[in-house]
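A.B. asks: structure for the following, please:
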Amino acid sequence: MNLKDIQRHIDQAMNEQNNRPIPEFEGYSPFEMHKILHFSFAIDSPLELQKLSDTDYKNIPIINQIKYLTDLIDKKGDIKLTNKGFLPTKIVSDLYNQGFLKDEHIDNGISKLYKETDSMTINITRILIELAGLTKKRNGKLSLTKSAQKLLEDNEALLRQLFLTFTNKFNWAYYDGYGENHIGQLGYGFSLILLSKYGQTKRLDSFYAEKYFKAYPKLLDLLEPTYGTLENYASRCYSIRIFDRFLDYFGLIRIEEDKKGLDSIKNITKTELFDKLIKVRPHNNVYTK
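C.D. replies: Numbers count the residues shown, from 1 in each chain. Okay, here's the model as predicted:
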């Protein structure tokens, strides 16, 4: 056997190893998981974002909120921000009252809405349109970019831009107090695969958290629980980030929550919109409907 034959056998063995299905990865291979992690919607990834109908785009809360805000900016030409760079109070109130996205603590009367930072959903919206390149700041004013108008008229391109910006540029750990770690955001594509596979049936959020941490156990090492067990603490962190503050904003899940004091039971079901938007193929490149 010459050196070329030896190298060919080594390459074949490595390819077989990298393409074998892994139970903890829901049957996907290390190669496929690499794509899911780092190139979630690349051509050779198991995930694909599909085009929706005009009606479907209107059922996405974060899209509606962003379009409303950018329309206000467009009509005014620009919006004068506060000294700290936030939206003025009148626009904050107007935007929140549209009801696209809500903050539980405001609706429950725990806190009142005065400024942008009182509402996480409005603060996220303003940050997101900047990260996505829809707006720019200049001389204390917020205005649309040259490319924004074209993007805002193309729902498919707009959703893709916002989806990828939210998942790849926005820091999911920003609000929740669970620390600067990548739980939920790292491998969010794997969570989409889990929802695609199991989301038709109502299941506890902890069901998905358990499968997520089986695939990425090292993420548990990044947490220092301030209450309860490590598993429960990690599950709560994952649930808030992936369900409450990501998939729900995009209209991809329904959350049924029964709160009892500090504890709560949260059930998750995927919406019809989920299967229309997210296409998933199983291992070995065979597409599912």
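A.B. asks: ok, residues contacting whichever strand or helix holds residue 256?
C.D. replies: Under the criterion of DSSP states H and E, residue 256 resides in strand 253-260. Residues outside strand 253-260 that contact it (CB atoms under 8 Å, 6 or more residues apart in numbering): 195, 199, 202, 243-244, 247-248, 264-271, 274. Heads up, the C-betas are built off the backbone N, CA and C, glycines and all.
A.B. asks: now swap in stretch 46-63 and tell me
C.D. replies: 28, 32, 35-36, 40-41, 64, 100-101, 125, 128, 155-156, 158-160, 162-163, 166, 189, 192-193, 248-251, 273, 276-283.
A.B. asks: any stretches of the chain with poor pLDDT?
C.D. replies: 1-17, 260-263, 284-289 (pLDDT under 70).
A.B. asks: helices of the stretch 101-250 of the chain, start to end?
C.D. replies: Listed in chain order, the helices of the stretch 101-250 of the chain (DSSP state H, counting those that start in this stretch) span 104-107, 120-131, 148-152, 155-168, 188-198, 205-215, 230-239.
A.B. asks: got the domain boundaries for this structure?
C.D. replies: Residue ranges for the domains of the chain, per automatic domain parsing: 30-53+177-280, 62-170.
A.B. asks: adding distance to residue 23 and mean neighbour count, write these out as TSV.
C.D. replies: As requested, these are exported to TSV (distance: least, CB to CB, whole Å; neighbours: other CB atoms under 10 Å):
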stretch	distance to residue 23	mean neighbour count
domain 30-53+177-280	9	17
domain 62-170	26	16
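A.B. asks: residue 25 and residue 35 touch, don't they?
C.D. replies: No: the criterion here is CB atoms under 8 Å, and residue 25 misses it with residue 35 at 11.5 Å.
A.B. asks: wait, residue 101 touches residue 251, no?
C.D. replies: No: the pair residue 101 / residue 251 is not scored as a contact, 10.4 Å apart, by CB under 8 Å.
A.B. asks: in TSV: the domains of the chain, plus distance to residue 20.
C.D. replies: Conversion of these to TSV gives the following (distance: least, CB to CB, whole Å):
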stretch	distance to residue 20
domain 30-53+177-280	8
domain 62-170	28
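A.B. asks: from the contacts of strand 253-260, pick the one nearest residue 180.
C.D. replies: Using CB to CB, residue 244 comes nearest to residue 180 of the contacts of strand 253-260, at 18.9 Å.
A.B. asks: mind listing what the closest one touches?
C.D. replies: residue 255.
A.B. asks: how close does it get to residue 37?
C.D. replies: Using CB to CB, to the nearest Å, residue 244 is found at 22 Å from residue 37.
A.B. asks: in contact with the spatially most central residue of the chain, which residues?
C.D. replies: Geometric centre of the chain, nearest residue: residue 246, 3.9 Å, by CA atoms, centre = their mean. Contact analysis of residue 246 by CB under 8 Å, 6+ apart lists 166-167, 172, 184, 188.
A.B. asks: and if you look at residue 197?
C.D. replies: 26, 280.
A.B. asks: at 10 Å instead, please
C.D. replies: Residues in contact with residue 197 (CB atoms under 10 Å, 6 or more residues apart in numbering) are 26-27, 211, 270, 280, 282, 288.
A.B. asks: tell me which two in the residues you listed are the farthest apart.
C.D. replies: Among the contacts of residue 197, 27 and 270 lie farthest apart (CB to CB), at 19.2 Å.
A.B. asks: can you classify residue 265 by secondary structure?
C.D. replies: Following DSSP: H, G, I helix; E, B strand; the rest coil, residue 265 is assigned to strand.
A.B. asks: nearest residue to it other than its sequence neighbours?
C.D. replies: Closest residue to residue 265 apart from its sequence neighbours, by CB to CB, 6 or more residues apart in numbering: residue 258 at 4.6 Å.
A.B. asks: swap in residue 251?
C.D. replies: Closest to residue 251 by CB to CB, 6+ apart is residue 60, at 4.6 Å.
A.B. asks: residue 264 too?
C.D. replies: Among residues not flanking residue 264 along the chain, residue 257 sits closest, at 5.4 Å (CB to CB, 6+ apart).
A.B. asks: and the one you found, how far from residue 44?
C.D. replies: 37 Å.
A.B. asks: could you do residue 214 as well?
C.D. replies: Taken as CB to CB, the span from residue 214 to residue 44 is 24 Å.
A.B. asks: cool, and residue 186?
C.D. replies: From residue 186 over to residue 44 (counting by CB to CB), the distance is 20 Å.
A.B. asks: again, but for residue 101
C.D. replies: Residue 101 is 34 Å from residue 44, by CB to CB.
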